[in-house]
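Novice: Here's a sequence, model it:
(one chain, ligands or ions: 1)
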Amino acid sequence: CMALAAQTKAQTYTPSASNLAARKTFQDLKFGLFIHWGIYSELGRGEWVMNNDHISYDNYKRLADFFNPQAFSAHDWVMFAKNAGMKYITVTSRHHDGFSMFGTKQSAYNIVDATPYHKDPMMELAKECKKEGIELHFYYSLLDWGRADYAYGSRIEDGKPLNGNWDSYISFMKKQLTELITKYPGVKGIWFDGHWERKTVNWHYDEIYGLIHKLNPAILVGNNHHLAPKPGEDFQLFEKDLPGNNLTGFSGEAKIGDLPLETCETINGSWGFSLSDNKYKTPKEIIDYLVGAAGRNANFLLNIGPMPNGKIQQEFTDTMAVVGKWLQKNGESVYGTRGNLVAPQPWGVITHKNKTVYAHILVWPKENYIFIPKLKEKLNKAMLLGTKTAVKYKQQEEGVFIYLDGVKDAPYDTVIQLSTD
Ligand code: JFZ
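Specialist: Sure, this is the predicted structure:
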């Protein structure tokens, strides 16, 4: 009976009132900065370099000896995000290489103890975010390429790696997560990754998520497992995928649940810093992705890989200054809005907030109008956002025609503001 009660308990999760409020705030933020930064950044070949280039753990560890990011400035990172119009930051506290980018008591393999830098950039970032009103989430890898207790490559039997010490690894993660949640001021979320590397292991999510919510019930838990949401999760994340578009790497089990959604993409083609990757996305591509995500009711987490010295490369700053400037003018049609009022259309998407509906024309149509199907709300005005220019429309049972004669195709996105009050 006790066992059954425990089992039943593990299957259910009732988010606290503070958690539900945090989810709503999170959905309002809409645009976040994803940061992949670690000792791998030194090599400029992405965060998978140890694995891709078959560098042994012992050799790879030497990168810590030379990691000394003297130009790192938490203020610069936060200002980069703010200038880009981003409202939160998700940063790699520990990636698959197992190197902790924060001061941890659980392993000496961390930036404070194992590098000549001897400082904790995650602490500086947490403090700066708090000061500047930017929310902070920690990315945390479940997968570890180097620890003996994880035993990367080991056969899994009965939910454990045969050659490892699974209890020890789970307990290690719990202690690190406790540090991240209790020591770093204002942390709002944990972004798990690496589940997919061991599909049959027992990750003890009930204990891990339970611990996180016990320490702080408002913390938002997300997991890049590419499956339907599990009990204890507070948002669903989609990697390199607008929810509902193509379910990249998702198994048949994946479906879009009822939780807040977040999609992430890279500013070029890499997560971690790459010397050879210059497939930079244009401001138009980034705005399309952000607005497309908002129309599908999802946040957009855009990734950059800072350089090993801690600086963000000029190409990223230039692009994001353009996006930020666009958001300064058009942000009201993105921040705090919700999507999925109307399905995405060939010309763009719809967002809405209170009694206002925003039609985002991302692809200029061949016709002199756009059609919004099945809009039930009665319109009483259509305007070009940020202007006093009225736009002609015709509302019928099956939808609304918005006429574009005299409307100029604005750079990136032409936003038509429709009032329904
Ligand atoms: C993962 C990481 O491996 C990667 O380094 C980065 O941190 C990214 C945000 O997340 O990438 C994945 C995860 C899962 C799959 C592919 C890439 N998958 O299951 O196809």
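
Novice: Enumerate the residues of the chain near the ligand.
Specialist: 47, 48, 193, 196, 224, 226, 239, 249, 271 (CB under 6 Å from any ligand atom). C-betas here are computed from N, CA, C, even on glycine.

Novice: how about the helices of this protein, start to end?
Specialist: Counting by DSSP state H, the chain has helices at residues 2-11, 17-29, 49-52, 57-60, 74-83, 111-114, 121-132, 166-183, 205-215, 283-295, 314-330.

Novice: which residue packs closest to residue 180, ignoring adjacent ones?
Specialist: residue 138 (5.3 Å; CB to CB, 6 or more residues apart in numbering).

Novice: what's the nearest residue to residue 309 if we skip its chain neighbours?
Specialist: Going by CB to CB, 6+ apart, residue 309 has residue 71 as its nearest residue, at 4.2 Å.

Novice: just to revisit the earlier point, please identify the most buried of the helices of the chain.
Specialist: helix 283-295 (a mean of 22; mean count of other CB atoms under 10 Å).

Novice: Nearest to the ligand: which residue in the stretch 301-421 of the chain?
Specialist: Residue nearest to the ligand within the stretch 301-421 of the chain: residue 303 (7.0 Å; CB to the nearest ligand atom).

Novice: oh sorry, the question was meant for the stretch 251-400 of the chain
Specialist: For the stretch 251-400 of the chain, CB to the nearest ligand atom, closest residue to the ligand: residue 271, 4.4 Å.

Novice: residue contacts, that residue?
Specialist: Counting by CB atoms under 8 Å, 6 or more residues apart in numbering, residue 271 makes contact with 34, 36, 46, 47, 303, 305.

Novice: Spatially, which two of those are the most separated?
Specialist: 34 and 46 (14.1 Å; CB to CB).

Novice: who's more crowded, these two?
Specialist: Remark: of residue 34 and residue 46, residue 34 carries more neighbours, 25 against 21, as counted by other CB atoms under 10 Å.

Novice: who does the more buried one bridge with?
Specialist: Beta-bridge partners recorded for residue 34 (DSSP bridges): residue 90, residue 303.

Novice: Contact partners for it?
Specialist: 89, 90, 91, 139, 264, 271, 301, 302, 303, 304.

Novice: Can you lay out the residues you listed as CSV showing pLDDT?
Specialist: CSV is the format used below for those (pLDDT from 0 to 100):
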residue, pLDDT
89, 99
90, 99
91, 99
139, 98
264, 95
271, 98
301, 98
302, 98
303, 98
304, 99
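
Novice: Tell me which two of those sit farthest apart.
Specialist: Every pair of the contacts of residue 34 checked by CB to CB; the farthest is 89 and 271, at 14.7 Å.

Novice: hang on, the earlier thing: from residue 353, how far out is the residue of the stretch 251-400 of the chain closest to the ligand?
Specialist: From residue 271 across to residue 353, the span is 32 Å (CB to CB, to the nearest Å).

Novice: and if you look at residue 58?
Specialist: 54 Å.

Novice: Next, count neighbours for residue 53.
Specialist: Neighbour tally, residue 53, other CB under 10 Å: 10.

Novice: Check the one 3 residues further on too.
Specialist: Each residue near residue 56 was counted by other CB under 10 Å, and the total is 9.
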